[in-house]
Structures are given as C-alpha cells and as structure tokens.
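> can't give you the sequence, but here's the structure:
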DNA sequence: ACCTGAACACCGTTCAAGT
DNA sequence: ACCTGAACACCGTTCAAGT
C-alpha cells in the first residue's frame, strides 16, 4: 500500500511482487493483492505486464540474477568441475533467499519465459571443460533440474513445518531430519553428477 | 458426461480425471469440468476426496504405478546400474503416456502427498548396489528430480508446438530440434548420474 | 451413504472511459 | 501515457437439505 503512488514502472511492480512473495508465499501472490500493495487497481498492472506469467518471469529474473551472487563467484583459474560446483551452490543460495522461489523459477522455465540466466551461468562454467556445445548444454540442463528439484523439496519442508505439527490422529509429527541434511543431500547430488560428467568428458 | 450414473467411487473419479487430463490438459482439469464429465454436481466430488490436491495425488498414483510398466521391467540378474537405468527409462515412458504428467507428479511430490512409488522403485534398484540407506535415498531422490525435470521440459515443448508457430514479430518459430533429441538428452543425464554414482560407491 | 442446490469468497483478464 | 471502474467468465470449497 504505497502512500504517494507517483508513477508505476514495471520494475516497481516486479520488486513489490517479490516482496509479497517473501511475505505471503506464491499462493497468496495474486494480481489483486499485488495491486492493493501498490495502491492501484488490479487492471493497472496489465498496462505494465501482458499477464501474470510474464510478471512472474520478471520476478524469477530478480531471484536469479545474471551475475553470480556476492561471495559466491567462482574463483578464476579453477577447473570446470570446481566452477560448476560453485555455480550450483550459488544457484541454491540465490533460491533459498526467497520463499517458493524454486516453484516460481520452475514454472517460468516450464513456460519458456524469462531470460533463464541460471542455465547460461552453468553453461559458462562448463565452457572450460572438455565438452562440445551439445554436451555442455545437456550437462547444464541436467544440473539445473537437479538444483531446482532439490531446492523445491527443501522449501516444501520449510512450508510444511510452518503449518505446525498438525499431527491429526496418528500422523507422525515430522520426519525429524537432522540439521544440515538438506545441504548434504544437495552436495551429494551435485558431486555425483559432476563425477559422472568427468568420466564422460 | 455419464449417461447412467449409478454410483460413484473414488476410483471412478480418479480414472475420469486422468482421462480429462489427457484430453484437455492440467489447466482445464477443474473440479467443475470433472463433475460435468461424471454427470454430477461439483460438490459431489468432495464426498470422495477432501480437496483437489488429494484427487491429483490419486491421479499421480495412476500415472506411476507401483509395478514397472509392461515390457520395461528390469531383468533380474542385472547389476544395480543397469536396473537403475531401466527404472529411469520406465519412469519416463510412464510419464510420457499422459499429458502434463510431470507437472501433476511434481506438484504431488512437492506437497508431500501420494505414495510416491517412483522413489520406491528407484530405491529398490539401488538396493543391489554398494550404498548405505542414506546414500541410496539421496541417489534415488537425485535421479527422480532429473527424470521429472527432463520430462517436464519435453512435455512443455509438445504443448508449445501445439499452440502453433505463433511467430509474432521477430520471434523464432521453433528451436528446430532434430527428432529424438529429447530421448538423447534424457539418456545423457541418466548415464552421467549413474557414472558418478559408480565412482562414489 | 451419497448427492443436490445454492451460496461464499475469491480468481485473472478485458475494456471503455477518465486524466 | 497511465490508470480507474465495472464488468466477464470463471475458480475451489462449504453446507444445509434432500433421498
């Protein structure tokens, strides 16, 4: 709810959408809610974006910027495997910074919208390796699926715990996963794929 | 639209839902549409299922049965790597048999619903390998993400082409992917992951 | 037990009209 | 150019009431 709504830019809309996403989650990120938050009528949003999916693609591009996250840049001079691992870690970190981000990014990719900077960065890391273009593309795509799937599960668990124990009847309260398991699961998958790429390269 | 709607079972509902999914796609699989198809009021569905997500979980369990698909059973006596590859192929085949299936299964998994028989089958294949339980679980989960991500992309392309070229302005008409590329992409990712698991085991 | 009828509380999107 | 006002065509879900 802006107090003095001077003028709206697409950037304002996307930025506020990302804030609403963090505060309320994807199911409550509706065009009407977003409009209210911007102090504007829902129909006003359609002057800046053709539809909701395109708006979500802009949000996805904010979640995964083209440049690596601060402190997560892969050091130059490292080999492709180390760089690829660093990029995967950076991707996970960028996703974990926002609620329901994996779902937003996945659906954007599934619809073929957005710049898909994640794929571009993974491919850049692979460019140093002994792969032809087709293979590098396949490897990047495989890694992206792995990252999105893993983070998606991770974020689902958070949301699950947010709903409370809700142990109705004989339902077990929680899988009781030890601290850091998600990070270890992630590391395992990434390492396995990279090891496989190494043998195939 | 049933003509003689004797009595409705949850099975009838799920089966019809799967048919509607194939014919109209996930966006048009609404409770109202499904009710119409069954010759019943929308509210009637809520006697058989508590909500739409649970119904979709039942649909997901129909798409991925607990037993391997006919002709895709991994031969006994093969090593774990061959079995795992066979299970991955069977999973892909089962998914490709129904429209928007990857999205249905993914969302069901993301919500922690359904029996998730896919994961169980992948774990069974890994049971023959040199992995402890935790590692086998991680490997299965990684493979599942890979399969779902790849098939999701594949199904998106089909739907894309279904919408026609729609080359408005300077949009490229189609990525012009050669026949069988999707299968090769899939094979590459699966083989790479298995190779990595082999080195790590 | 199984389903109808009718409502509740929403959605995304369009479009003439205002400024 | 940018936004309002009002509508259109839907959703999922609930719940009293019927049989």
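The structure has been received and is ready for your questions. Every value quoted in this text rests on a predicted model; they were computed, and no experiment measured them. Numbers count the residues shown, from 1 in each chain, chains lettered A, B, ... in the order given.
> pLDDT weak spots in chain A?
A:1-5, A:68-76, A:162-176, A:201 (pLDDT under 70).
> up against DNA strand D, what does it have?
Contact residues (C-beta under 7 Å from any atom of the strand) of chain A with DNA strand D: A:5, A:7, A:8, A:39, A:40, A:41, A:42, A:43, A:44, A:47, A:48. Where you see a C-beta, it was placed from the backbone N, CA and C, and this is true even at glycine.
> summarise which helices and strands the top helix by length along chain A is packed against.
Longest helix in chain A, counting residues (DSSP state H): helix A:133-162. Counting contacts by 3 or more C-beta pairs under 8 Å, 6 or more residues apart in numbering or on different chains; DSSP states H and E, helix A:133-162 is packed against helix A:80-96, helix A:101-110, helix A:117-126, helix A:181-200, helix B:101-110, helix B:133-162, helix B:181-200.
> return the residues of chain A in contact with chain B.
Residues of chain A lying close to chain B by C-beta under 8 Å from any C-beta of the partner chain are A:103, A:106, A:109-112, A:135, A:138-139, A:141-142, A:144-146, A:148-150, A:152-153, A:156, A:160, A:185, A:188-189, A:191-200.
> 6 Å instead, please
Residues of chain A lying close to chain B (C-beta under 6 Å from any C-beta of the partner chain) are A:110, A:138, A:142, A:145-146, A:149, A:152, A:156, A:185, A:188-189, A:192-193, A:195-197, A:199-200.
> switch the helices and strands packed on helix A:133-162 over to CSV, and while doing so, append distance to DNA strand C and mean neighbour count to every line.
CSV is the format used below for those (distance: least, C-beta to the nearest atom of the strand, whole Å; neighbours: other C-beta atoms under 10 Å in any protein chain shown):
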stretch, distance to DNA strand C, mean neighbour count
helix A:80-96, 22, 21
helix A:101-110, 13, 23
helix A:117-126, 23, 21
helix A:181-200, 30, 19
helix B:101-110, 17, 23
helix B:133-162, 16, 20
helix B:181-200, 28, 19
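> looking at the ones you listed, spot the one closest to residue B:121.
helix B:133-162 (8.6 Å; C-beta to C-beta).
> how about residues contacting the strand or helix carrying residue A:36?
Under the criterion of DSSP states H and E, residue A:36 resides in helix A:31-38. Helix A:31-38 has contacts (C-beta atoms under 6 Å, 6 or more residues apart in numbering or on different chains) with A:2, A:16, A:17, A:20, A:41, A:42, A:45, A:52.
> of all the residues you listed, which comes closest to DNA strand D?
Comparing those against DNA strand D with C-beta to the nearest atom of the strand places residue A:41 closest, at 3.3 Å.
> gap between residue A:194 and residue A:50?
To residue A:50, residue A:194 is 39 Å away according to C-beta to C-beta, to the nearest Å.
> the longest helix of chain A vs helix A:80-96, what angle?
Orientation note: helix A:133-162 sits at an angle of 40 degrees relative to helix A:80-96 (axes from the mean of the first three to the mean of the last three C-alpha atoms, to 10 degrees).
> just want the angle from helix A:133-162 to helix A:101-110.
Going by the same axes, to 10 degrees, helix A:133-162 makes 140 degrees with helix A:101-110.
> looking at the helices and strands packed on helix A:133-162, which is closest to residue B:81?
That would be helix B:181-200 among the helices and strands packed on helix A:133-162, by C-beta to C-beta, at 5.2 Å.
> is chain A within reach of the closest one?
Yes. Among the residues of helix B:181-200, B:185, B:188, B:189, B:192, B:193, B:195, B:196, B:197, B:199, B:200 lie within reach of chain A under C-beta under 6 Å from any C-beta.
> excluding covalently adjacent residues, which one is nearest to residue A:35?
residue A:42 (4.3 Å; C-beta to C-beta, 6 or more residues apart in numbering or on different chains).
> next: residue A:14.
residue A:58 (4.1 Å).
> quick check on the contacts of helix A:31-38: which are buried?
Among the contacts of helix A:31-38, those classed as buried by 16 or more other C-beta atoms under 10 Å in any protein chain shown are A:16, A:17, A:20, A:45.
> and of the residues you listed, the nearest to DNA strand C?
Lowest distance from DNA strand C to the buried ones among the contacts of helix A:31-38 (C-beta to the nearest atom of the strand) belongs to residue A:45, with 7.2 Å.
> sorry, back to before: closest one to residue B:30 among the helices and strands packed on helix A:133-162?
The closest of those to residue B:30 is helix B:101-110. By C-beta to C-beta, the value is 14.0 Å.
> and the closest one, what does it pack onto?
Using 3 or more C-beta pairs under 6 Å, 6 or more residues apart in numbering or on different chains; DSSP states H and E, the elements in contact with helix B:101-110 are helix B:52-63, helix B:133-162.
> need the ones you listed in TSV (columns: distance to residue A:123).
Listed next are the helices and strands packed on helix B:101-110 as TSV, based on distance: least, C-beta to C-beta, whole Å:
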stretch	distance to residue A:123
helix B:52-63	32
helix B:133-162	15
